[in-house]
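# could you work out the structure for the sequence below:
(one chain, ligands or ions: 1)
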Amino acid sequence: MINLATLNKLTYGLYIVTSLDQGRCNGFAADAVFQVSANPPTIGACIKKDNLTHDFVAKTKVFAVSILAETAPAELIRHWGLKSGHQEDKCVNTEYKTGITGCHLITKDSLGAIECQVINAFDAGSHTIFLGEVVSAEMFSEREPLTYTQYRKNIKPDIKQSESKRDIMKKYRCVVCDYIYDPSLGDPDSGIAPGTPFEQIPDTWVCPICQVDKSNFEPVD
Ligand SMILES: Cc1cc2nc3c(=O)[nH]c(=O)nc-3n(C[C@H](O)[C@H](O)[C@H](O)COP(=O)(O)O)c2cc1C
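Numbers count the residues shown, from 1 in each chain. Sure thing, here's the model as predicted:
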């Protein structure tokens, strides 16, 4: 028997793993980071092969692990963990210092950072396990670290709630005339109050510009 729920009882911390490629920074939220050896001090990081950071680490052979404080907000984890550098530059508007490897060390909401030089890598199916020898380690604060259990209990529900709110308040585009229905504005001229999600508009409503019905609208990403 394999009851995968059992795996949820393993304990972890929560980190931002950063790397770089040709001067560009990228990073992601990670729990699968751990010390594997004391001498030389060595860190393991399990990185999904389709993460952009995976390609950066595989290429430049350096990564940094910033250790999140228990006060780290949901927005920070959403930023690093639910968005990909394949789509946007995640390193803009972050507070960091540059480490000796060139990697960004996240200084806000983190306790400290460890930089590593990759000494080995193991194929583990969906992920690669990178082993990195520690080349620098520094503390930024004496606060307590965030655990994965705290994340699951306190932060994940917040993230889920804000994601579903975001979905409810999605904008819709008329495929005929490109009019955008914005739920925060509604369509007061047709009796649709601001704050009305597209899904709750009556089926009798028509596009205020070209008069086609709701079936001609598609969500805007
Ligand atoms: C709480 C949390 C923990 C995560 N842990 C890992 C992890 O240990 N390894 C991993 O490869 N991805 C992990 N992820 C997923 C990556 O953060 C996510 O795929 C990210 O968008 C990849 O970013 P990138 O493509 O810019 O590298 C985690 C996500 C969250 C929210």
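# let me see the contact set for the residue in the chain that the ligand sits nearest to.
Going by CB to the nearest ligand atom, the ligand is nearest to Gly81 of the chain, at 2.8 Å. The way it works is simple: take the backbone N, C-alpha and C, and place the C-beta from them, glycine included. Neighbouring residues of Gly81 by CB atoms under 8 Å, 6 or more residues apart in numbering: Phe28, Ala29.
# same check on Ile100?
Shown in contact with Ile100 (CB under 8 Å, 6+ apart): Glu115, Val135, Ser136.
# could you do Cys210 as well?
Contacts of Cys210 (CB under 8 Å, 6+ apart): Cys174, Val176, Cys177, Tyr179.
# skipping its backbone neighbours, what lies nearest the third one in space?
Spelled out, it's Cys177. Nearest non-adjacent residue to Cys177, counting by CB to CB, 6 or more residues apart in numbering: Cys210, 3.9 Å away.
# center of this structure - which residue?
For the chain, the residue sitting closest to the mean C-alpha position, by CA atoms, centre = their mean, is Gly81 at 1.9 Å.
# tell me how far the longest strand anywhere in the chain lies from the chain's centre.
Assignment by DSSP state E gives strand 110-124 as the longest strand of the chain. Distance of strand 110-124 from the chain centroid (CA atoms, centre = their mean, to the nearest Å) equals 19 Å.
# buried ones in that strand, by neighbour count?
Ser110, Leu111, Gly112, Ala113, Ile114, Glu115, Cys116, Gln117, Val118, Ala121 (16 or more other CB atoms under 10 Å).
# equivalent analysis for stretch 187-205, please.
Asp187, Ile192, Thr196, Phe198, Ile201, Trp205.
# so what's Ala30 up against?
Leu14, Tyr15, Ile16, Val17, Ala45, Cys46, Ile47, Val65.
# what about the closest residue to Lys48 other than its chain neighbours, how many neighbours?
Excluding the flanking residues, the one nearest Lys48 by CB to CB, 6+ apart is His127, at 5.3 Å. If you count neighbours by other CB atoms under 10 Å, His127 ends up with 17.
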